[in-house]
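Participant: Here is my input, please return the structure:
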Amino acid sequence: MLNKTEATRTEISALLKRIGIKARQASRTLASTTADQKHAALVGAAKVIQNSVFKILNANDLDIKKGRSKGLSNPMLDRLNLTESRILDMADAVATIADLPDPVGRIMSQWERPNGLNISKISTPLGVIGVIYESRPNVTAEAGALCLKAGNSAILRSGSDSLNSSQMIHDCMITGLAEAGLPQDILQFVPTASRLAVGELLTGLEGTVDLIIPRGGLSLVQRVELDARVPVFSHLEGRCHVYVDASADLQMAIRIVVNSKLRRPGICNAAETLLIDGNDVDRLARPLINALIEKGCEIRGDKSIASLSEVIMVADEKDWATEYLDRIISARLVDGVDGAIAHIERWSSNHTDAIIAENTDIVSQFLRQVDSAIVLHNASTQFADGGEFGMGAEIGIATGKMHARGPVGAEQLTSFKYVVRGSGQIRS
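Facilitator: Residues are numbered from 1 along each chain as shown. From the prediction side, this is the model:
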């Protein structure tokens, strides 16, 4: 592993260029790799992860100790922390991705022109994908598996907080590749914590990188969007909203709101704002707010919400724009579904927004008018996840509208080309 304090800009630039060349060469090998070979490599990688639980835990322990000494917040430590259960879940995700239909070589559409030309639109790999992520070491396995399944080479650059864990997981992945007879260069890992490596990767490494995917906080995503010289799949903040309508079933609403916020508050699909129909305050607002307080959640509410309990802080404007990633939620009363939609349009990051309601007309209006990558009805926002969508895992939730939107799984990591078959036609 390259020492951060000793590595010069020249050394890191040379290192990243070598990585880019190897990844590009490996992507050409992948172009002729069969679905069965990719399946075998991923199944093998999953088994190696399963058999390396204690090695991964030991590496993660180093990262956790370092994170605590740096004063990382509890939500950040939760993202960084690996347990035996989480590692086995990671292995299961890789195995699930292995069993998915191969997304490469699919005939997406096909037609014949009057002149006899037969035209097919066929899915193809994107090429070489650079994935830049922060304190979630599981991304190493899940991003690597998704890229491989879609026929892409990957350059994985973890954050310094998870470097030891991510390196160990990468070692497991490439062992699986080698056992299946595939080149280990398919999954490249950047072995340095230096931020200079990010800058080099964003240059595209002299044309060897086709796409960059950032997986982390707003500052990382903004830097990538500003500096990248290759296309970017953006994963912005998860300012997720839950709107509880007057027609909602109260007990269902309490279960969903508590789960949306508190199941794992430090992940991007955790609810950050609770919107409650102001037409039914006594039946809805008090029980919902009390349920959150009883579970240890801090409430920052508008004046009407703050009047319900002396422990509630009065929200200011920045609260509506904050992704807390903690046991904190902002809450306000709104004028029915129109008020909820107006608030979401103003403050949402277009990630995930949910409605709890029984009135079908109101549900239809919400699902139609809220322009987010994922909208849910009567379900927790924590289902906004590639694994829960049947994708095995995800690299992130794309909040833009170009190419991919929502969970980015293997299918979303492909492009397409047109194959035209003729029988001697020429154009007049």
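Participant: where does this structure have low pLDDT?
Facilitator: 1-7 (pLDDT under 70).
Participant: Could you identify the longest helix within it?
Facilitator: Using DSSP state H, we find that the single longest helix of the chain is helix 9-31.
Participant: Counting neighbours, show which residues of that one come out buried.
Facilitator: Residues of helix 9-31 classed as buried by neighbour count (16 or more other Cβ atoms under 10 Å): 12, 13, 15, 16, 19, 20, 22, 23, 24, 26, 27, 30. Bear in mind the C-beta positions are built from the backbone N, C-alpha and C, glycine included.
Participant: swap in stretch 309-327?
Facilitator: For stretch 309-327, using 16+ other Cβ under 10 Å, the buried residues are 312, 315, 319, 320, 322, 323, 324, 325, 326, 327.
Participant: And stretch 344-351, by the same measure?
Facilitator: Using 16+ other Cβ under 10 Å as the test for burial, stretch 344-351 gives 344, 347, 348, 349, 350, 351.
Participant: got it, and stretch 390-410?
Facilitator: With the criterion 16+ other Cβ under 10 Å, stretch 390-410 contains buried residues 391-399, 404-410.
Participant: And the residues you listed, which is closest to residue 362?
Facilitator: Within the buried residues of stretch 390-410, the smallest distance to residue 362 is 23.2 Å, found for residue 406 (Cβ to Cβ).
Participant: Report the contact partners of that closest one.
Facilitator: Shown in contact with residue 406 (Cβ atoms under 8 Å, 6 or more residues apart in numbering): 373, 374, 384, 389, 397, 398.
Participant: Only the buried residues of stretch 102-109, if you could.
Facilitator: 102, 103, 104.
Participant: Could you give the bridge partners of residue 352?
Facilitator: residue 374 (DSSP bridges).
Participant: residues near it, how many?
Facilitator: Using other Cβ atoms under 10 Å, residue 352 has 31 neighbouring residues.
Participant: one step back: from the buried residues of stretch 390-410, which ones fall inside strands?
Facilitator: The members of the buried residues of stretch 390-410 that map onto strands under DSSP state E are 397, 398, 406, 407.
Participant: In those residues, find the pair that's most separated.
Facilitator: Taking Cβ to Cβ, no two of those sit farther apart than 398 and 407, at 7.9 Å.
Participant: Nearest to residue 267 among the buried residues of stretch 102-109?
Facilitator: Distances from residue 267 to the buried residues of stretch 102-109, taken as Cβ to Cβ, are shortest for residue 103 (25.5 Å).
Participant: Surely that closest one touches residue 149?
Facilitator: Yes - here residue 103 reaches residue 149: they are 6.8 Å apart, a contact under Cβ atoms under 8 Å.
Participant: which residues are common contacts for the two?
Facilitator: Any residue near both residue 103 and residue 149 by Cβ under 8 Å, 6+ apart counts here, and that gives 410, 413.
Participant: now the spatially closest residue to residue 12 that is not a sequence neighbour: how far from residue 154?
Facilitator: Once flanking residues are discounted, residue 12 sits nearest to residue 196: 4.6 Å by Cβ to Cβ, 6 or more residues apart in numbering. From residue 196 over to residue 154 the distance is 20 Å, taken as Cβ to Cβ, to the nearest Å.
Participant: Those two: who's more crowded?
Facilitator: residue 154 (28 against 18).
Participant: what lines up beside the helix or strand containing the more buried one in the sheet?
Facilitator: Element membership for residue 154, per DSSP states H and E: strand 153-157. With DSSP bridges as the test, strand 153-157 is paired with strand 128-133 (parallel), strand 187-189 (parallel).
Participant: Show residues contacting the first one.
Facilitator: By that I understand strand 128-133. Here strand 128-133 makes contact (Cβ under 8 Å, 6+ apart) with 20, 23-24, 27, 139-140, 143, 147, 152-159, 162, 198, 201-202, 208-216, 220, 224, 230, 395, 413.
Participant: one more time with 6 Å
Facilitator: Residues from elsewhere that reach strand 128-133, judged by Cβ atoms under 6 Å, 6 or more residues apart in numbering: 23-24, 27, 139, 143, 147, 152-158, 198, 201, 208-216.
Participant: what's the answer for the shortest one, then?
Facilitator: The contact list for strand 187-189, computed with Cβ under 6 Å, 6+ apart, reads 19, 23, 144, 154, 155, 156, 170, 173, 174.
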